[in-house]
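> Predicted coordinates and the sequence they were generated for:
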Amino acid sequence: MAAVAPPPLGVRLVLRESTDNGPVAETTNDRTRALVEAGIALASELSLDAVLQKLVDTSAELTGARYAALGVIDRAGHGLERFVTSGMDAETIERIGHQPRGEGILGVIIRDQRPLRLHDLREDCRSVGFPPNHPEMTTFLGLPVMLRGVAYGNLYLADKEGGGDFTAEDEELTGLLAAQAAVAIENARLYESATRWLAQLESLNEVGNALVAEVGLSRQLQLVAQRLRTLLGARIVTVNLPNPDGSLRIVAADGDQADELLGATVAARSKSAAVLESRHGQRVDSLLDDPDVDQAAARLLGARTGLYVPLVAHDRAIGVIDAHDKLGDDLRFTDDDMRLAESFAARASVAVDLSERVARDSLRGVVEAQELERRRLARELHDETGQALTSILLGLRAMENAKTDEQVRAAAVELRELVVRTLQDVRQLAVELRPKALDDFGLIAALERLVESWTEQTGIAVQLQARLPGRLPSQIETALYRIVQEALTNIVKHARASRVSIVLSERERAVTVVIEDDGIGFAPRSVREDGLGLVGMRERVALVGGRLEIESREGAGTTLLVEVPVP
């Protein structure tokens, strides 16, 4: 045989024995081109399914196989999660029904992770046969799809053209394609993981922003339930908080039957209650087999699997997150699902704990304010009203001891004046407790009467300018009235002012009150806020979501600005 010149770079020369015509030379230009095209498709195509379909079609073309398929092994490594075919039309695939599960010859390749060539796969003892409506196949070539020692799937070829067996060269070429398929599958899974992690971070960030923005607790927990259900792919997620009797109430829910579940009670003897007591999360792959599960409740939910995570704050269990039934063929939750739920539970715990602490602090502030008001009223009643009543008793005794009509008349006049002053003091006390005009006519009318009464008592001129389009919410009217009342009290006690200006206006969905006096002022850093009643003012403003600013300096008076949003 004459020497043959080496082929050009990129072209492989193959010598084959021909039974008819002797040795023939066949280049693999077409095969090389197909491999290059498959590589380009891998780099340019974003869809994993499209890439795998291209690789399967190319495998069939290069090897002359009538049928080709690629099965992607699931993450557990036990079966196939995706199956891409070439050579079968949609009608045939539909008649066959479910995709292969990785049993028989396919299972051998999954387990052994080695190439397998068969002359007739029907004759192999490991074959389990074909399902109904599946086309008959004889010659077979199967290869594992491997990358860095990790099996991602398997590439299958069947029925080589001409009835011959698949060759070692077929195996080598399809091995290259299998390597490309492994890269595509790994990249797709990395992309899916990155996308999933990004979605998780965005959801956790959204929940964190809700905490910072002081959104109401119910909205925060509903957001937790919604975002967690989406990320878990669960059918239903609920957030449950404990009742005093040991049961729990569902305060947030998302998914199937969510509207019906809100406000429902979870029994004290239930899986949720057990997790709350133990403070350890649990995964339940079968609710039917768990003795702690309330089977009646599970039947009502139609739930078969569960994920339970406690809300723990300062080593104290304050609630439970429940999730049921992952969407898809496998209803069970994974360890990754547990870790994700625990991350959301940590955020929900912060929301519940913060809400409880705010409620306690608010209640404490209200109680302290009430006690201060009670002490002041007690002092007023003792010092003024009590003394006035004592004076009335003495006046009555003077009338009893009077010896002449003139003395009786004089005592009666004095007594009448004393009763009138006492009645005025009692009315003033009633106004300070709760001015009737505030309920009947609104904030402006109540401030007008307050200013009129205050001017009569102190002799200080007050200019009131009030412009409001209508009534404000009762809580805001009460807060603003008390703030003006406290400010006027401070002016009498500390300012030594001769004029006061009060301007009340509304703009851009906010009410503004500006109170100015021409008194002696003060250096803000040198004065304790509780000495001027500023703590109570700030608490009242905070309760209605407003802000309080004070400007003052010695000898230049004081300006107090209050701004409250109007819903």
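Thanks, I have the structure now.

> Please name the residues that touch A466.
Contacts for A466 (Cβ atoms under 8 Å, 6 or more residues apart in numbering) come out as 443-444, 447-448, 502-505. Where you see a C-beta, it was placed from the backbone N, CA and C, and this is true even at glycine.

> my bad, A313
For A313, the residues meeting the contact criterion (Cβ under 8 Å, 6+ apart) are 349-350, 352-353.

> List just the nearest of those to Y156.
S349 (50.4 Å; Cβ to Cβ).

> tell me the secondary structure for the closest one?
Recorded secondary structure, S349: helix (DSSP: H, G, I helix; E, B strand; the rest coil).

> shouldn't it be in contact with D315?
No. The pair formed by S349 and D315 falls short of the contact definition of Cβ atoms under 8 Å, at 11.0 Å.

> Looking only at neighbour counts, state which of those two leads.
S349 (20 against 6; other Cβ atoms under 10 Å).

> gap between the more buried one and L276?
S349 sits 12 Å away from L276, going by Cβ to Cβ, to the nearest Å.

> intersection of neighbour lists for those two?
Residues touching both S349 and L276 comprise G319, with contact defined as Cβ under 8 Å, 6+ apart.

> coming back round to it: put the buried members of the contacts of A466 into a PyMOL selection.
PyMOL command restricting these to the buried ones, with burial defined by 16 or more other Cβ atoms under 10 Å:
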select buried, resi 443+444+447+502+504
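
> Now intersect the contacts of A466 with the strands, please.
Assignment to strands by DSSP state E places the following of those there: 502-505.

> now those residues in a markdown table, with pLDDT and distance to N187?
Shown next, in a markdown table, are these (pLDDT from 0 to 100; distance: Cβ to Cβ, whole Å):
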| residue | pLDDT | distance to N187 |
| --- | --- | --- |
| I502 | 94 | 70 |
| V503 | 94 | 67 |
| L504 | 93 | 65 |
| S505 | 91 | 62 |
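
> Identify the farthest-apart pair in those residues.
By the measure Cβ to Cβ, these have their two most distant members at I502 and S505, which lie 10.9 Å apart.

> list the residues that contact both of the two?
Taking Cβ under 8 Å, 6+ apart as the contact rule, the neighbours common to I502 and S505 are 465-466.

> So the closest residue to V108 other than its chain neighbours: helix, strand or coil?
Counting by Cβ to Cβ, 6 or more residues apart in numbering, V108 lies nearest to R126, which is 5.4 Å off, once chain neighbours are set aside. Assigned by three-state DSSP, the conformation of R126 is coil.

> neighbours around the closest residue to V408 other than its chain neighbours, how many?
With Cβ to Cβ, 6+ apart as the criterion, V408 has its nearest non-adjacent residue at 4.3 Å, and that residue is A402. As a burial measure, A402 scores 15 neighbours (other Cβ under 10 Å).

> same thing with V451?
Residues lying near V451 (other Cβ under 10 Å) number 20.

> Now do it against A461, distance only.
From V451 over to A461 the distance is 10 Å, taken as Cβ to Cβ.

> about what we covered before: can you pick out the most distant pair from the contacts of A313?
Spatial extent of those (Cβ to Cβ) is set by the pair V350 and V352 at 7.6 Å.

> Please identify which of those two sits among more neighbours.
Neighbours of V350 and V352, each counted by other Cβ under 10 Å, are more numerous for V352; the result is 20 against 16.

> List the single closest residue to that one in space, sequence neighbours excluded.
Taking Cβ to Cβ, 6+ apart, and ignoring the residues beside it in sequence, V352 has I318 as its nearest neighbour in space, at 5.1 Å.

> can you count the residues close to E123?
Counted by other Cβ under 10 Å, the residues lying close to E123 total 9.

> What's the separation between it and T138?
When Cβ to Cβ is applied, the distance between E123 and T138 equals 9 Å.

> try T92
17 Å.

> Compare neighbour counts for these two and give me the winner.
Neighbours around T92 and T138, counted as other Cβ under 10 Å, are more numerous at T138. The numbers are 16 against 13.

> I'd guessed the more buried one sits against D120; true?
Yes. With contact defined as Cβ under 8 Å, T138 counts as touching D120 (4.8 Å).

> On the strand side of things, show who the closest residue in space to E448 that isn't next to it in sequence bridges to.
Of all residues beyond its chain neighbours, the one nearest E448 is L464 (6.5 Å), with distances taken as Cβ to Cβ, 6+ apart. On DSSP bridges, the residues paired with L464 through beta bridges are I502.

> how much space between L464 and G302?
65 Å.

> Helices along the stretch 451-567 of the chain, start to end?
Using DSSP state H, counting those that start in this stretch, the helices of the stretch 451-567 of the chain run over 474-490, 534-543.

> what's the answer for the stretch 151-300 of the chain, then?
In the stretch 151-300 of the chain, the helices defined using DSSP H, counting those that start in this stretch lie at 168-212, 217-232, 258-261, 271-278, 295-301.

> May I see those arranged in JSON lines, with mean pLDDT, mean neighbour count and distance to T478 as well?
Converted to JSON lines, the helices of the stretch 151-300 of the chain look like this (pLDDT from 0 to 100; neighbours: other Cβ atoms under 10 Å; distance: least, Cβ to Cβ, whole Å):
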{"stretch": "helix 168-212", "mean pLDDT": "73", "mean neighbour count": "16", "distance to T478": "29"}
{"stretch": "helix 217-232", "mean pLDDT": "81", "mean neighbour count": "21", "distance to T478": "24"}
{"stretch": "helix 258-261", "mean pLDDT": "86", "mean neighbour count": "14", "distance to T478": "35"}
{"stretch": "helix 271-278", "mean pLDDT": "89", "mean neighbour count": "20", "distance to T478": "39"}
{"stretch": "helix 295-301", "mean pLDDT": "84", "mean neighbour count": "15", "distance to T478": "44"}
